[in-house]
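Student: Below: sequence and its predicted model.
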Amino acid sequence: MLIWMILALYVVSVVLTVNYATVYDLANKKGYEGNKYRRISMIPFYGYKKINALPTHTHITDEEITHLYSFGMIMTRLGFFALLNLLIFLLLIPISVVLYLGIGNWSLSKLLLIYFVMVLILFHQGIVTEYARKKGYEGVKVGLFGLVPIVSFIYYVKAPKKRNISKAGLKAIFSFGSMISRLAIMMEIVFIAIVIIVPVVYIFGMAFANLRTAIPNTIWPENPSFEAFTYLFNETKFLTWYWNTLKIALINMVVGTLLITGAAYVFARFSFKGKKAGLLTILVLQAFPSFMGLIAMYVLFWKFNLLGQPTALTILYIGGSIPGNLWLVKGFLSQIPKDLDESAMIDGANKLQIFFRVILPLAVPILTFVAVGMFMAPWMDYMLPGYLLQFKPAGSPADYDIQTQWTLAVGIFNFLETTSDSLHYSAFAAATIFVGFPITVLYMTFQKYLIEGIMAGATKG
């Protein structure tokens, strides 16, 4: 029954929007525009009768008016508004469901209330800062003061103009279209912020909840404690896992970036036989995921006695990252003018000096992007270490503890194994906080170069 009601409402909305667009188009062709005629056009039957009875103020033929009601024009409008209404319904239905569920759920109702309050505050702040900017007031102070409801708006209304602007320019801020677009943007921003922030707060809450076998149903515990952190450092080998992962990440970042940079420099700056075939081969290798060769990797590690050795994983990480990153760095280096190389050679520089003194300083953004990506790979990977580090190294004693060779991903996942004695949800959350810390610091430190690196390297092959 509910589905049929939604379908009927959808059909009615499509018919009404098609009728509105047709009638308002007729008004435009007769020379009538503005909100008044928009509102009239929205009224079924009466709107058409009213607009059709208006005298024509423009040079328009009967054929042009007839064309508005032709089969082709009606079908075009019908297709467009059917798709537009479908997108609106797909957006409104989940929102309606959430609002309905929030009626009987206090936690969800509280979250929705916080959401709408934040939207209104930011909506008000956006209007105030835009109004103040048009009058000549800008800066962080204006933005912060704009968060104060009503008072900030009254203050800037009464404040003298520092910039010559007409009243129409100020009124444009409060136009219907401007207000709707601003409100939609604020709703999207707050929604994305909540989607990102709530899970982070939940993880912190779980870390301080000290829960072993139960998952908390509240965002923050009533009685926070540090017992999960004590368990993590005193009863597990978390520091050993951390050191194993950090060691792999550093080797991966330094050695991998050097190898990729050198190879990309050769492919970007030199011409040699087999260059195109080599690049295509590397491109083909990039298409195959690493887990396809898991059995082959195991056999190679077994034959060379590398099973159970964490640092040996750098061979796989570096080798697997070369194809994609090589193309990325090569594309960036190809954009650097070769005139710089020739100028340096005229001044007496050799190829090595050109590479270190000319190319590398200009390639800092893309190299930073690659280095950060290489550093992050071991922290996130579970498949390779989870398979290759579950075996004892060759020649290890009988009482050897296999957990000493685990990486963070393997060790932390062990906290979620329901069949294991180490099941501990709070310890898992506490460990994820320490895993996210170096990655967060790295991103914040190299944010400028990462943004440049993301946009670079793919514009020239």
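Tutor: That came through, no problem. If you're wondering where the values come from, they're calculated on a predicted model, not measured in any experiment. Residues are numbered from 1 along each chain as shown.

Student: buried sites along the top helix by length along the chain?
Tutor: In the chain, with assignment by DSSP state H, the single longest helix is helix 71-104. Neighbour-count burial for helix 71-104 flags 77, 81-82, 85, 102 (criterion: 16 or more other C-beta atoms under 10 Å). C-betas here are computed from N, CA, C, even on glycine.

Student: Outline the domain layout of this protein.
Tutor: Structural domains annotated on the chain: 2-104, 111-207, 230-455, as defined by automatic domain parsing.

Student: low-confidence ranges in the stretch 101-250 of the chain?
Tutor: 101-108 (pLDDT under 70).

Student: For it, just list every one of the helices.
Tutor: Applying DSSP state H, counting those that start in this stretch to the stretch 101-250 of the chain gives helices spanning 106-134, 140-145, 151-158, 167-171, 176-207, 227-234, 238-269.

Student: most neighbours per residue, which of those helices?
Tutor: Most buried of these, by mean neighbour count (mean count of other C-beta atoms under 10 Å): helix 238-269, with a mean of 19.

Student: what's it packed up against?
Tutor: On a contact count with 3 or more C-beta pairs under 8 Å, 6 or more residues apart in numbering; DSSP states H and E, helix 238-269 meets helix 275-286, helix 313-335, helix 364-380, helix 408-413, helix 425-445.

Student: Out of those helices, which one sits most buried?
Tutor: Comparing these on average neighbours per residue, with mean count of other C-beta under 10 Å, the densest one is helix 408-413 at a mean of 22.

Student: who's in contact with that one?
Tutor: Under the contact criterion C-beta atoms under 8 Å, 6 or more residues apart in numbering, helix 408-413 has outside partners 236-238, 241-242, 244-245, 378-382, 385-386, 389-390, 403, 428, 431-432, 435.

Student: 6 Å instead, please
Tutor: Under the criterion C-beta atoms under 6 Å, 6 or more residues apart in numbering, residues 241, 245, 381-382, 385-386, 428, 431, 435 lie in contact with helix 408-413.

Student: for stretch 45-61, same thing?
Tutor: Contacts of stretch 45-61 (C-beta under 6 Å, 6+ apart): 23, 26-27, 29-31, 40-41.

Student: which one of the residues you listed sits closest to Val157?
Tutor: Val157 lies nearest to Ile40 out of those, by C-beta to C-beta, at 33.4 Å.

Student: sorry, back to before: which one of the contacts of helix 408-413 is nearest Val201?
Tutor: Comparing the contacts of helix 408-413 against Val201 with C-beta to C-beta places Phe428 closest, at 16.1 Å.

Student: mind checking how far the closest one is from Phe434?
Tutor: From Phe428 across to Phe434, the span is 11 Å (C-beta to C-beta, to the nearest Å).

Student: for whichever strand or helix holds Ala8, packing partners?
Tutor: Ala8 belongs to helix 2-29 when assigned by DSSP states H and E. Packing partners of helix 2-29 (3 or more C-beta pairs under 6 Å, 6 or more residues apart in numbering; DSSP states H and E): helix 35-42, helix 46-53, helix 71-104.

Student: Find me the pLDDT at the residue lying closest to Phe428 once chain neighbours are set aside, would you?
Tutor: Residue nearest to Phe428 in three dimensions, not counting chain neighbours: Phe415, with 4.0 Å by C-beta to C-beta, 6 or more residues apart in numbering. Model confidence at Phe415, expressed as pLDDT, equals 86.

Student: Now for Phe415, how many residues are close by?
Tutor: 24 (other C-beta atoms under 10 Å).

Student: tell me the SS of it?
Tutor: What DSSP: H, G, I helix; E, B strand; the rest coil gives for Phe415 is helix.

Student: Could you pull up the residues touching it?
Tutor: With C-beta under 6 Å, 6+ apart, Phe415 has these contacts: 422, 424, 427-428.

Student: Among those residues, find me the one that's closest to Pro224.
Tutor: Ala427 (14.9 Å).

Student: correct me, but that closest one touches Leu232?
Tutor: Yes - using C-beta atoms under 6 Å, Ala427 makes contact with Leu232 at a distance of 5.1 Å.

Student: Just say helix, strand or coil for Asn305.
Tutor: Under three-state DSSP, Asn305 falls in the coil class.

Student: Distance-wise, check it relative to Ala312.
Tutor: Counting by C-beta to C-beta, the gap from Asn305 to Ala312 is 9 Å.

Student: neighbour-wise, which of these two wins?
Tutor: Neighbours were counted for Asn305 and for Ala312 using other C-beta under 10 Å; Ala312 has more, 18 against 12.

Student: give me phi/psi at the closest residue to the more buried one other than its chain neighbours?
Tutor: Leaving out its chain neighbours, the residue that sits closest to Ala312 by C-beta to C-beta, 6+ apart is Leu306, at 4.0 Å. With angles defined as degrees, to the nearest 10, Leu306 sits at phi -110, psi 0.

Student: how near is Leu306 to Thr314?
Tutor: Taking C-beta to C-beta, one finds Leu306 at 11 Å from Thr314.

Student: and what of Pro160?
Tutor: Noted for Pro160: a distance of 65 Å to Thr314, by C-beta to C-beta.

Student: coming back round to it: could you save the helices of the stretch 101-250 of the chain as TSV and add columns showing distance to Leu442?
Tutor: Below are the helices of the stretch 101-250 of the chain laid out as TSV (distance: least, C-beta to C-beta, whole Å):
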stretch	distance to Leu442
helix 106-134	30
helix 140-145	27
helix 151-158	38
helix 167-171	45
helix 176-207	17
helix 227-234	22
helix 238-269	10
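
Student: quick one, which of those is nearest to Ala296?
Tutor: helix 238-269 (20.2 Å).

Student: Tell me the gap between that closest one and the middle of its chain.
Tutor: Relative to the chain's own centre, helix 238-269 is displaced by 25 Å; criterion: C-alpha atoms, centre = their mean, to the nearest Å.

Student: report the angle between the axes of that helix and helix 364-380?
Tutor: Using axes from the mean of the first three to the mean of the last three C-alpha atoms, to 10 degrees, the inter-axis angle of helix 238-269 relative to helix 364-380 is 140 degrees.

Student: returning to what we had before: how about the buried residues of helix 71-104 in JSON lines, adding distance to Thr407?
Tutor: Listed next are these as JSON lines, based on distance: C-beta to C-beta, whole Å:
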{"residue": "Arg77", "distance to Thr407": "59"}
{"residue": "Phe81", "distance to Thr407": "54"}
{"residue": "Ala82", "distance to Thr407": "52"}
{"residue": "Asn85", "distance to Thr407": "51"}
{"residue": "Gly102", "distance to Thr407": "42"}
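
Student: about what we covered before: the helix holding Ala8 to helix 35-42, inter-axis angle?
Tutor: Counting by the same axes, to 10 degrees, helix 2-29 points 130 degrees away from the direction of helix 35-42.
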